[in-house]
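Asks: Build me a model from this:
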Amino acid sequence: MGAEKIKCVVWDLDNTLWDGVLLEDADVKLKAHTRDVIEHFDRVGILQSVSSKNDFDTAKAKLEEFGLWDYFIYPQINWNAKSEAVKEIAKCINIGINTLAFVDDQAFEREEVSFACPDVLCIDSAEMEQIPKMERLIPKYVTTDSKNRRKMYQNDIARNQAEKEFVGTKEAFLAGLQMKFSICSAREEDLQRAEELTVRTHQLNSTGYVYSYDELKQMISDDRFDVLVTRLEDKFGVYGTIGLAVVEKQRPDLWRLNLLLMSCRVMSKGVGNVLMNYIINCARDAGAALEAQFVPTNKNRMMYITYKFNGFHEKETGETVLMEADMSYERKLPDYIDLKIERN
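Replies: Presented below is the predicted three-dimensional model:
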């Protein structure tokens, strides 16, 4: 398997996005292809940020003047090492550092980042026009969620700030979000995003299996399988399609959950538990036992905890752990989430 696709491009400013050094010349001009490249990555769903040794307010004002400030999330404009900035951006977005690209005109800065963060793709800004043509920066699909990705992350920033300022319990904060959670039978138009989720999601992913568009298409036309996608919105805006489950009805009395995943962006919202418990209740209503596959990775410990928390126990161990749900009681779904079911 090749290197992972890039999820975020981190830009230097001076002599990278614009010609000149801002603190020496307030009248810097954008380089020829800067705007086109930034707008292109925004359209295809590749996030963007900034790592620049500069005065924050001065740089922000210049980017606002150019109409570019809103394209960047978690910008790091300070005097720290750029490797530290890159690490902070990856942490804030909650993505692997091996999915970041760093663009700078100075060989020294690229070397500093490469040494401290060898998994980061470092690019000379002289290649600006060619960057969108690099294989790792060409998404396999561009979905509606891709096009809205930056806005979704900006909504997350607003949510996180509101949570920091909230006085009260976690449950009270979640109740105040006015969450609307939809569980839907996947349709053909959902499958590009469903495949993308299997590729992009690592932490809240029960197996790490990557299902192709064609595999998913075959499953949605097979009565033995239920392929479910989930969507979430709240008072801050839409999250888009953020979850996927693949249920195989092996026998009338035995269902198996082959895959359950949730976008890391909703890790703290409790909706992974809602989807899992909805599936348990469906199996229970059908008179079926429910097993679930779990493949441990170095990133998905949280999913194992989620299974245990929701009444699963280990039935078989090995490289793939087979877990079984306690079906003796109906799962109660939280009343602070407005749940909508759209099933075939």
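Asks: Where does pLDDT dip in the protein?
Replies: Applying pLDDT under 70 to the chain flags residues 1-2.
Asks: next helix or strand past the lengthiest helix in the chain?
Replies: Counting by DSSP state H, the longest helix found in the chain is helix 149-165. Of the helices and strands lying after helix 149-165 in sequence (DSSP states H and E), the nearest is helix 170-176.
Asks: about what we covered before: which other helices and strands does the longest helix of the chain contact?
Replies: strand 47-53, strand 237-251 (3 or more C-beta pairs under 8 Å, 6 or more residues apart in numbering; DSSP states H and E). (C-beta placed from N, C-alpha, C; glycine too.)
Asks: again, 10 Å this time
Replies: Here helix 149-165 touches helix 34-44, strand 47-53, helix 82-93, helix 170-176, strand 225-234, strand 237-251, going by 3 or more C-beta pairs under 10 Å, 6 or more residues apart in numbering; DSSP states H and E.
Asks: hang on, isn't Ala289 packed against Ala325?
Replies: Yes - shown here, Ala289 and Ala325 form a contact pair, counting by C-beta atoms under 10 Å, at 7.5 Å.
Asks: Would you mind telling me which of these two has the busier surroundings?
Replies: Legend: neighbour count by other C-beta atoms under 10 Å for Ala289 and Ala325, higher for Ala325 (24 against 16).
Asks: Any idea how far apart the tips of stretch 262-282 sit?
Replies: End-to-end distance for stretch 262-282: 19 Å, by C-alpha to C-alpha, to the nearest Å.
Asks: returning to that earlier point: CA atoms only for the longest helix of the chain - export them in CSV, please.
Replies: Output of helix 149-165 as CSV, limited to C-alpha atoms (Å, rounded to 0.1, in the frame of the first residue of the first chain):
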residue,chain,number,x,y,z
ARG,A,149,-14.9,20.0,4.9
ARG,A,150,-13.3,23.3,5.8
LYS,A,151,-16.6,24.7,6.9
MET,A,152,-17.3,21.6,9.0
TYR,A,153,-14.0,22.0,10.8
GLN,A,154,-14.6,25.7,11.4
ASN,A,155,-17.9,24.7,13.0
ASP,A,156,-16.0,22.3,15.2
ILE,A,157,-13.7,25.1,16.3
ALA,A,158,-16.8,27.1,17.3
ARG,A,159,-18.3,24.1,19.2
ASN,A,160,-15.0,23.4,21.0
GLN,A,161,-14.8,27.0,22.1
ALA,A,162,-18.4,27.0,23.3
GLU,A,163,-17.7,23.8,25.3
LYS,A,164,-14.7,25.4,27.0
GLU,A,165,-16.8,28.3,28.0
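Asks: what residues are shared contacts of Ala289 and Ala325?
Replies: Trp255, Ala283, Lys315 (C-beta atoms under 10 Å, 6 or more residues apart in numbering).
Asks: Look up how far Asn310 lies from the nearest residue to Met128 once chain neighbours are set aside.
Replies: Leaving out its chain neighbours, the residue that sits closest to Met128 by C-beta to C-beta, 6 or more residues apart in numbering is His33, at 5.0 Å. Here His33 is placed at a distance of 50 Å from Asn310 (C-beta to C-beta, to the nearest Å).
Asks: Compare these two (neighbour count), which wins?
Replies: Asn310 (17 against 14).
Asks: can you tell me which helix or strand the nearest residue to the more buried one once chain neighbours are set aside belongs to?
Replies: Distances taken as C-beta to C-beta, 6+ apart put Met276 closest to Asn310, at 5.2 Å, once the chain neighbours are dropped. Using DSSP H and E, Met276 sits in helix 271-285.
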